[in-house]
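Trainee: Let's see this in three dimensions:
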Amino acid sequence: MDIRKGKPEDMKSVLALIQELAIFEKEPDAVLITEEDLIRDGFGENPLFHVFVADVDKEIVGIALFYYRYSSWKGKTIHLEDLIVKEKMRGTGLGSALYSEIMKQGKKENVRRIEWNVLNWNTPAVNFYENSGAKVIEEWRVVQMDEAGINSYLEKIN
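Mentor: The predicted structure is shown next:
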């Protein structure tokens, strides 16, 4: 297993893993991005995200996609958007290796917090994170506004 920074030519495989995650999370039609979006947004002058890929026998079988955020309380932080391991590779330690790579990146960049979301029904992931020392904060709720909601809100206020 080789964990390395992703390259533009890896984005087709990265997108396939993102789509696999959407199916696992019971939202198979939710992925709107394309391979071209990933290449443009991840590899320009000011990349919007970074990605580590796990390569086994020249096949990308896992990713950790992240970006930097700024906390008004903590300063520079990392948001781990997705930690995805191909179904056939789960239980091999690959997810732990990608997770460790994110923690090493946070340490290298002197961030004060690394954060991510996990679905409450994904018990194996919740247990893994808690056993690693992460806190699952039950009191906070994720709030999102999708494109239709943004448009509807703006129509209301104009």
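Trainee: The residue most central in space within the chain in helix, strand or coil?
Mentor: In the chain, the C-alpha nearest the mean C-alpha coordinate belongs to D82, at 1.9 Å (CA atoms, centre = their mean). Assigned by DSSP: H, G, I helix; E, B strand; the rest coil, the conformation of D82 is strand.
Trainee: beta partners for the closest residue in space to it that isn't next to it in sequence?
Mentor: In space, D82 comes closest to L65 once its chain neighbours are excluded; the distance is 4.6 Å by CB to CB, 6 or more residues apart in numbering. For every residue, glycine as well, the C-beta is placed using N, CA and C. For L65, the beta-bridge partners are V51, D82 (DSSP bridges).
Trainee: for I39, helix, strand, or coil?
Mentor: Assignment for I39 (three-state DSSP): helix.
Trainee: Show the contacting residues for it.
Mentor: Applying CB atoms under 8 Å, 6 or more residues apart in numbering to I39 gives the contacts 8, 11.
Trainee: Regarding N127, which helix or strand does it belong to?
Mentor: Counting by DSSP states H and E, the element that carries N127 is helix 123-132.
Trainee: Now the element after that helix, going C-ward?
Mentor: The element immediately downstream of helix 123-132 (helix or strand, assigned by DSSP H and E) is helix 147-157.
Trainee: Quick one: mean pLDDT for that following helix?
Mentor: Taken as a whole, helix 147-157 has a mean pLDDT of 96.
Trainee: could I get it in CSV with only the CA atoms?
Mentor: Extracted as CSV, the C-alpha positions of helix 147-157 are listed here (Å, rounded to 0.1, in the frame of the first residue of the first chain):
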residue,chain,number,x,y,z
GLU,A,147,-28.5,25.3,-4.1
ALA,A,148,-32.3,25.3,-4.2
GLY,A,149,-32.4,26.6,-0.7
ILE,A,150,-29.9,29.4,-1.5
ASN,A,151,-32.0,30.5,-4.5
SER,A,152,-35.2,30.3,-2.5
TYR,A,153,-33.8,32.4,0.4
LEU,A,154,-32.4,35.0,-2.0
GLU,A,155,-35.8,35.3,-3.8
LYS,A,156,-37.4,35.9,-0.4
ILE,A,157,-35.1,38.7,0.7
